[in-house]
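Asker: Got a predicted model here, sequence first, then my questions.
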Amino acid sequence: MKFLVDAHLPPGICALLQSAGHDAIHTRQLPAQNQTPDQGINDLSVRDPRVVITKDTDSYYSHLLLQRPHKLLPIRTGNIRTRELKALLEAHLPEIIQALEANSLVELNRSAVRIVA
């Protein structure tokens, strides 16, 4: 699966996803880097079908209303240490992947993966 990790999240998430066999890029790798506007992120996610991973609530509403980005994994943990976030993602990754194969909006919170749409 292909992922695009938003600026609100650490680039180390890409390494975790890549080690699990996924294609993952961070906004830091885009031409405008972490200044890439939401529209640019959405366009890339549709053009090169990628799941956007973000803490940004604007993406959530954009996906519900416009189906952009292509697929979305909002992180709903509040403030969390990077190592805790990576451990949480790693623990739930098989469930996240399975949910995203059949759905377009899947949330991750501190205790569960939730299918939204």
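Answerer: Great, that's in hand. Numbers count the residues shown, from 1 in each chain.
Asker: Run through the strands of this protein in chain order.
Answerer: Using DSSP state E, the strands found in the chain span residues 2-5, 23-26, 51-54, 71-76, 106-109, 113-115.
Asker: ranges for the helices of the protein?
Answerer: 12-19, 38-47, 57-66, 82-102 (DSSP state H).
Asker: For the strands of the chain, state which one has the densest average packing.
Answerer: strand 51-54 (a mean of 25; mean count of other Cβ atoms under 10 Å). Where you see a C-beta, it was placed from the backbone N, CA and C, and this is true even at glycine.
Asker: Pairing partners for that one, with directions?
Answerer: strand 2-5 (parallel), strand 71-76 (parallel) (DSSP bridges).
Asker: what's the average pLDDT for the shortest one?
Answerer: Read that as strand 2-5. Averaged across strand 2-5, pLDDT comes to 98.
Asker: And the longest one, by the same measure?
Answerer: Confidence for strand 71-76, expressed as mean pLDDT, is 98.
Asker: and it with helix 12-19, angle?
Answerer: 130 degrees (axes from the mean of the first three to the mean of the last three Cα atoms, to 10 degrees).
Asker: and strand 71-76 with helix 38-47, angle?
Answerer: 130 degrees.
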